[in-house]
Every structure is written in C-alpha cells, then in structure tokens.
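Trainee: What would the 3D arrangement of this be:
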Amino acid sequence: MSRFRIFVDGQEGTTGLKIHEHLSGREDIEVLKIDQDKRKDIEVRRAFLNNADIVFLCLPDAAAKEAVTLIENDKTRVIDASTAHRTSPDWVYGLPELSSVQRDFVRNAGRVAVPGCHASGFVALVRPLAASGILPADYPISCCSLTGYSGGGKKLISKYEDEKSIKDIKSPKPYALKLTHKHLPEMQRAAGLAYPPVFMPVVGSFYQGMTVTVPLATRALAKKLSAREIRDFLAEYYAGQRFIRVMPYDADSNLDENGFLNPEACNGTNRMEILVFGHEEQILLAARFDNLGKGASGAAIQNMNIMLGLDEGIGLSV
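Mentor: Residues are numbered from 1 along each chain as shown. Now for the predicted structure:
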C-alpha cells in the first residue's frame with residue numbers, strides 16, 4: 001500500500017508534537033523525521049520539504065515564510081499552523097465548516113492556513129451571523145477568550161509547571177491589553193467584519209481547553225432575533241458538521257454541578273461546542289473546545305485528511 005509522505009517542520013514545538021501523536025500508528029502515513037542536529041540546516045530542510053506530499057509548518061512566522069520559499073515543486077502541499085499566512089488571499093483558511101464551499105476549497109488547496117485558537121471560536125460564532133445579515137458588519141463587537149496555558153508554548157508551560165512559580169499564577173491572567181493581539185486580523189477578515197473586535201484573552205491555570213465568548217445586544221442586530229432564535233439559526237447552519245455541535249439552548253446540562261461552564265469539557269477531542277445563553281434583549285455566544293485540538297493540531301490533521309481525499313475524522317476524536 002502506498003503511503004502519503006508527511007513532514008512536520010518544527011516537530012519539537014507543542015503543536016508539532018501533538019501532530020506527531022495524531023500521526024503515530026497510521027498505516028497510510030509515512031512521517032519523514034529530520035535528525036535533531038539537522039533541524040536548522042537549510043539544505044537538509046529543503047530536501048525534506050520537497051520530498052513530502054504534505055508539510056506541516058509549526059514554526060514562528062518568519063521561519064514559516066522562509067520554509068515556503070524553500071519548496072521548489074508544485075506537488076508539495078503546505079498546512080501552516082503559524083500566523084504568517086492566515087489573511088493571505090493566496091492561502092485557504094483552514095476552517096472547513098466556515099461555509100458551504102470551504103471544505104472544497106481546502107480539498108483542492110495547495111496552501112492552507114490553520115486558524116488561531118482564539119480565532120477558531122470567534123469566527124465559528126460570528127461568521128454565520130455576519131454572512132446572513134443578522135449581525136451588521138460594523139457592529140462594535142467584543143470577545144473574551146479563556147484558554148489553558150499550553151497555548152503559550154513551551155516557555156509559558158514551563159513557567160506554569162515550575163513548582164516555585166505556580167503559587168504566584170493560580171488566578172486567571174488577562175493579557176494583550178494593548179488590544180493588538182496577533183489573531184485580530186484573521187478574526188476580522190474570516191468573520192466578515194468591517195472592524196476588529198475589542199478582544200481580551202485570558203490565560204487560566206489549567207493546561208488545555210478554552211472557552212471563547214461573544215456578547216450581543218439584540219437591539220443592535222440588523223435582524224432582531226432572541227437568544228433562542230440565534231441558537232436555532234446556528235444549529236441549522238452547522239447541521240451535519242461532525243466536529244461542531246450546537247448545544248441545547250441555555251440548558252443546565254451544558255454546565256457543571258455548580259453552574260459553571262467548564263472550558264476543559266472538550267479536551268482530547270477535535271470537537272467544538274457552541275452554546276447560546278441569554279434572553280430577549282441580551283445574548284451570550286460561547287464556543288468551547290480544546291486549544292490543542294480544534295484550536296491547533298486537531299484542526300491541522302482534519303485539513304490534512306480533507307486535502308488527501310480521506311475521511312476527515314481519521315485519527316481524531318469527537
């Protein structure tokens with residue numbers, strides 16, 4: 001049986017390691033592994049990049065851009081997990097559920113940009129409403145996103161797991177308070193908005209999992225729908241999608257025994273749960289998922305499966 005050749009450039013980072021976990025044991029995949037001491041050798045990397053059917057880029061933005069320039073054939077297809085190409089018109093945005101045609105765009109793409117973790121939840125919540133005219137493109141939208149500390153990479157993980165420092169970082173920590181977070185351009189573009197949201201990310205003292213929330217005032221919507229009607233609209237929009245579930249409206253079953261919304265409930269899966277709370281005048285949209293799953297490596301594998309013409313759920317848990 002012929003196997004697809006896959007190379008992960010940046011295999012030692014958090015996302016790269018998780019992608020390797022997803023690929024391990026798959027008989028249809030041959031993982032090309034570069035020697036540890038050759039990871040920064042450009043000519044060795046060039047050979048690996050040009051010998052793969054699909055390359056995952058799990059690199060800083062500048063290195064991801066450089067890697068693309070090293071590909072000298074039109075057969076190697078690229079899935080970039082960095083921020084470098086998410087707003088490029090030459091790259092397909094790797095959220096297959098974005099619209100009725102997005103999965104076909106991914107399937108036929110040579111270059112796919114994996115959405116950012118915060119952006120994945122925000123776009124999944126907002127894009128359907130903006131595209132349908134329910135939400136005005138110039139709505140003054142805001143977003144708060146609570147994520148596990150694994151989203152900050154090895155340095156932040158080490159800080160949180162250091163016994164000497166853990167006592168100082170038990171409380172949630174808002175960050176990016178200059179309102180210039182790197183996900184903002186893709187959040188605006190992929191959601192179809194005239195302006196970026198006011199966005200406050202928060203890192204919690206748990207390893208993985210996240211909840212992205214977007215508040216709305218019904219009086220400012222172009223179509224005056226209640227929270228329940230918004231939930232029903234989103235349920236119809238995502239009907240039949242394997243990895244996005246719109247949960248029952250405002251149901252206690254969505255919360256834990258103390259009435260809290262647990263950001264870790266989808267950990268270990270590629271599942272995103274969309275929840276809608278509120279009443280006639282105010283609405284709170286929430287997307288809950290694993291920041292290392294649907295927010296990173298899981299989404300990358302889903303895109304790879306689609307690009308290779310395979311069942312998109314191979315190797316992924318719902």
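Trainee: Go through this protein and flag its longest helix.
Mentor: For the chain, the helix with the greatest residue count under DSSP state H is helix 117-131.
Trainee: buried residues in whichever helix or strand comes after that one?
Mentor: As assigned by DSSP states H and E, the chain's next helix or strand after helix 117-131 is strand 142-147. Across strand 142-147, burial judged by 16 or more other Cβ atoms under 10 Å covers 143, 144, 145, 146, 147. Bear in mind the C-beta positions are built from the backbone N, C-alpha and C, glycine included.
Trainee: Quick one, grab the pLDDT at the residue nearest the centre of the chain.
Mentor: Nearest to the geometric centre of the chain sits residue 295, at 3.0 Å (Cα atoms, centre = their mean). pLDDT recorded at residue 295 is 97.
Trainee: Just list the residues touching it, thanks.
Mentor: Neighbouring residues of residue 295 by Cβ atoms under 8 Å, 6 or more residues apart in numbering: 115, 116, 117, 118, 120, 121, 151, 210, 289.
Trainee: how much space between the residue nearest to residue 59 when sequence neighbours are not counted and residue 265?
Mentor: Distance criterion Cβ to Cβ, 6 or more residues apart in numbering; nearest residue to residue 59, sequence neighbours excluded, is residue 10 at 4.2 Å. Note on residue 10: its distance to residue 265, by Cβ to Cβ, to the nearest Å, is 29 Å.
Trainee: between these two, who's got more neighbours?
Mentor: residue 10 (21 against 17; other Cβ atoms under 10 Å).
Trainee: Give me the phi and psi for that one.
Mentor: phi 110, psi 40 (degrees, to the nearest 10).
Trainee: Pull the contacting residues for it.
Mentor: 16, 56, 57, 58, 59, 63, 81.
Trainee: Could you count how many residues lie near residue 293?
Mentor: 29.
Trainee: Same check on residue 105?
Mentor: 16.
Trainee: what phi and what psi does the backbone show at the closest residue to it other than its chain neighbours?
Mentor: Take residue 105 and drop its neighbours on the chain: the residue closest to it by Cβ to Cβ, 6+ apart is residue 92, 4.8 Å away. Per-residue torsions, residue 92: phi -90, psi 130 (degrees, to the nearest 10).
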